[in-house]
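J.: here is my input, please return the structure:
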Amino acid sequence: MPRSWTLKSRPAGMPKMDDFALMETASASLGDGEVRVANRWLSVDPYMRGRMNDTKSYVAPFALGEPMQGGAIGEVVESNADSVKVGDMVQHMLGWRDEAVLPAAQVQKLPDLGVPVQQFLGMLGMPGMTAYWGLLDVASAKPGETVFVSAAAGAVGSTVVQVAKAKGMTVIGSAGGAEKCAWVKSLGADHVIDYKDGTSLVKALGAAAPDGIDVYFDNVGGSHLDAALAHARDGARFAICGMIEGYNSGTPTELKYLMRVIAARIRVQGFLVTPYFARATEFYEDMAAMVKSGALTSQDTVHDGLDATPDAFLGLFSGGNTGKMLVRL
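T.: All right, here's what the predicted structure looks like:
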């Protein structure tokens, strides 16, 4: 029988294994225009933590007792739709399960770019689009500018590092621990800050960027955001993608340098990637060219089996991933 993960209880603070339950469901028959997909890869992402709260946000919360959702890559094994054939590899949003039945209009056939299919959940998927458009469109980053990236060893941050270098920018990344910092450096970052080494982030960023930064790509919020405010040049642009530092805490970090938004005329813009899906062709053309040229590389952290999905998700909040966190079925 098909199996799926459900949210059993809403977490208070950091989620626990007891907040999740694995359930079996009867295999659904197909209606007109529907397809059955055998999932091969599942994505877990920090934004899913927000969906575990029963609060109003840009996406509806997970319903207790119902299958959870997330990005997935799978093979069509049955189809009642002319537009999608058995054997097609597709992307969709019914993850956290081993089988999905959904309208064909809600799946996207993977373009033939000659890359492993799981990359469409990472560098060539939503994280890659987030990095690419956040850097180049939201932050309007330009060649010659200095870019600071938090969570630079994550799926989004590592792509920001590489795209920025490919576009002629100076890049400062922040990551936790010597191994991750070495990897970010290998991606081309000009300077890497180890935020776990006990040095003040404000002091460390000042040493790495004595003339300040033009762009901050924020995946973390909190003390990283404050350090970026402290060293922003006049007219700096901040693309606010995520604030993982506060996802499991009810106490926000004090921003001591927030008033610099006024004096330095800093543009701070939060954004979602969904409006950029309509520009997927443009994204694929540029990103695929950089991948084929060797300017971009990716690394995945893979957990095996549907049973491992909650562990993979929880690992996002303890530094358990380098690059994209994935579950392979």
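
J.: for the stretch 101-250 of the chain, which segments are assigned as strands?
T.: 108-109, 146-149, 170-175, 191-194, 213-218, 232-240 (DSSP state E, counting those that start in this stretch).

J.: give me whichever of these is most buried.
T.: strand 146-149 (a mean of 29; mean count of other CB atoms under 10 Å). C-beta: built from backbone N, CA, C; applies to glycine.

J.: sheet-wise, list the partners of it with their directions.
T.: strand 170-175 (parallel), strand 213-218 (parallel) (DSSP bridges).

J.: now do the one helix or strand Met290 maps to: which elements does it pack against?
T.: Applying DSSP states H and E as the criterion places Met290 in helix 280-293. The contact analysis (3 or more CB pairs under 8 Å, 6 or more residues apart in numbering; DSSP states H and E) places helix 280-293 against helix 126-133, helix 155-166.

J.: nearest residue to Leu258 in space, please, no chain neighbours.
T.: Nearest non-adjacent residue to Leu258, counting by CB to CB, 6 or more residues apart in numbering: Leu229, 6.2 Å away.

J.: and Gly154, by the same measure?
T.: Per CB to CB, 6+ apart, closest to Gly154 is Asn219, 6.3 Å.

J.: what do you get for Arg36?
T.: Glu78 (3.9 Å).

J.: isn't there a strand covering the one you found?
T.: Yes - assessed by DSSP: H, G, I helix; E, B strand; the rest coil, Glu78 belongs to a strand.

J.: what number of residues lie near it?
T.: As a burial measure, Glu78 scores 13 neighbours (other CB atoms under 10 Å).

J.: what's near enough to touch Ala104?
T.: 33-35, 79-81, 83-84 (CB atoms under 8 Å, 6 or more residues apart in numbering).

J.: one more pass at 10 Å, please.
T.: 32-35, 76, 79-84, 88, 90, 92 (CB atoms under 10 Å, 6 or more residues apart in numbering).

J.: measure the residue positioned nearest the centre of the chain to Ile213 for me?
T.: Central residue of the chain (CA atoms, centre = their mean): Pro127, 4.1 Å from the mean position. As defined by CB to CB, to the nearest Å, Pro127 lies at a distance of 22 Å from Ile213.

J.: ok so, going back, closest one to Leu316 among the strands paired with strand 146-149?
T.: strand 170-175 (14.1 Å; CB to CB).

J.: could you check the angle helix 155-166 makes with that closest one?
T.: 160 degrees (axes from the mean of the first three to the mean of the last three CA atoms, to 10 degrees).

J.: now strand 170-175: average pLDDT?
T.: Averaged over strand 170-175, pLDDT sits at 98.

J.: export only the CA atoms of that strand, formatted as PDB.
T.: The C-alpha coordinates for strand 170-175 follow below in PDB (Å, rounded to 0.1, in the frame of the first residue of the first chain):
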ATOM      1  CA  THR A 170      33.400  39.200  -5.200                       C
ATOM      2  CA  VAL A 171      31.800  36.700  -2.800                       C
ATOM      3  CA  ILE A 172      31.900  36.400   1.000                       C
ATOM      4  CA  GLY A 173      30.200  33.300   2.300                       C
ATOM      5  CA  SER A 174      29.300  32.200   5.800                       C
ATOM      6  CA  ALA A 175      29.100  28.500   6.800                       C
END
